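Visitor: What follows is a predicted structure for the sequence shown.
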Amino acid sequence: MARNDLPVLPPRVRRYSINAGFLSNMASENETRPESGNSPASPDGAGGGNGLPAGGTERGGAPLNDVMIAMDVVDTLRHDSSMVERELNDDARRQDLIDRLREIYKGQGIEVPDRILEEGVKALEEDRFSYEPPDPNALATKLAKLYVTRWSWGRYVLGIVGGLIAFFLVNYAVYQRPQHLAAQAHKQELTALPGRIKKLTADIRSEAADPLVAARAEGVAKSGLNAATGGNRIEAAKVENELKETLARLRTEYKIRIVNRQGEVSGLWRIPKANPETYNFYLVVEAIGPDGKPIPQKITNEETGKTQTVSTWAVRVDRDVLVSVKADKDDDGIIQNRIVGRKVRGRLDPDWTIAAKGGAITRWK
């Protein structure tokens, strides 16, 4: 094919931020640059101000200007890819393409050495300055996209993580920690209960004047120890409370006194619902301690079956006792013999000086 048959590559605007004058200067430098050796040293003995040897060469590589011009050649060739594919299929036409490239640059006032033009054509063939996008399905590409977009999705992840942390902290503070503390207290209580039960039993044994009271306390204590060993804290605690009450009753001292105050009755009679044909007679009494103050007592109401802690209660007596007390009070309004029983230390129940039948009520008004 004649030279005139070659297609003319149209001039174009450079894709790189390099103007024609700058490329011309780089080409001129390449023509005048010595093949070897360094440029004259600066007055201070160093190279150029950019830290490279004068002439713009990279250490151990091609001159930087040559590389940039070769890149520009490749860019020029890529502008008409169909022509390039046609011309590069034949060595003679390849040379014609190089000549044509030289004329294009010369027409723009740029002198480009043949070796750079050949290097540019070679680089195009090798795709040296081409960009091949990465595989979008590759793991590395996906990880890179995640990293680049981390500020867009990271705040949501941080929000979720923060919410989970807050949830676990609240759950620990409100539920798990109290349960853990309760479990520790439960374990410590089970460990301490046997010792306390044994001590209460020993104290009851030393206080009780009646051997039957001590024997009964030991039986109760044994059931409490078995409960503690089996992990039943509630049952063991009930046994401990029962032993405490027994010990407190043994150590308490008081007198049983008939109530004789203005506005309050000293005795009464009632018709029981279970037997309307009979009468029950009661004296209203209270327990008075050594300091003269009432001591509340746990009394079971025989009419209701309920046990209450009260300061005054009515004890059931014979009719003759109630009649005698009534006569004493009617005489001058004062009951002369008000003390009807005594509770001494070491005994559970008081000793009565009257014919008390053991029954009692807590309500009569």
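Guide: Structure received. Quick caveat: nothing in here was measured; it's all calculated off a predicted structure. Residues are numbered from 1 along each chain as shown.

Visitor: Can you pull the phi/psi pair for residue 172?
Guide: Here is the backbone geometry of residue 172 (degrees, to the nearest 10): phi -70, psi -40.

Visitor: burial of it, as a residue count?
Guide: Counted by other Cβ atoms under 10 Å, the residues lying close to residue 172 total 12. Where you see a C-beta, it was placed from the backbone N, CA and C, and this is true even at glycine.

Visitor: if I look at it, how far off is residue 186?
Guide: In this view, residue 172 and residue 186 are 19 Å apart by Cβ to Cβ, to the nearest Å.

Visitor: Which residue ranges of this structure form helices?
Guide: Applying DSSP state H to the chain gives helices spanning 20-32, 64-78, 81-87, 91-107, 114-126, 139-148, 150-171, 177-207, 211-229, 233-251, 319-332.

Visitor: Quick check: chain neighbours aside, which residue is closest to residue 231?
Guide: residue 190 (6.3 Å; Cβ to Cβ, 6 or more residues apart in numbering).

Visitor: Could you double-check that that neighbour sits in contact with residue 227?
Guide: No: contact criterion Cβ atoms under 8 Å: residue 190 and residue 227 do not qualify, at 9.3 Å.

Visitor: Buried residues in stretch 314-329, which are they?
Guide: Judged by neighbour count (16 or more other Cβ atoms under 10 Å), stretch 314-329 contains these buried residues: 314, 315, 316, 317, 321, 322, 325, 328, 329.

Visitor: which residues touch the first one?
Guide: The one in question is residue 314. 267, 268, 282, 283, 284, 285, 360, 361, 362, 364 (Cβ atoms under 8 Å, 6 or more residues apart in numbering).

Visitor: how many neighbours does residue 250 have?
Guide: When counting by other Cβ under 10 Å, one arrives at 23 neighbours for residue 250.

Visitor: quick one: it and residue 153, what's the gap?
Guide: Using Cβ to Cβ, residue 250 is found at 76 Å from residue 153.

Visitor: circling back to that earlier point, just say which of the helices of the chain is most tucked in.
Guide: With neighbours defined as mean count of other Cβ atoms under 10 Å, the helices of the chain peak in mean count at helix 64-78, which reaches a mean of 20.

Visitor: Which of the contacts of residue 314 sits closest to residue 201?
Guide: Distances from residue 201 to these, taken as Cβ to Cβ, are shortest for residue 360 (29.3 Å).

Visitor: From what I see, that closest one and residue 313 are in contact.
Guide: Yes: between residue 360 and residue 313 there is a contact under Cβ under 8 Å: 5.3 Å.
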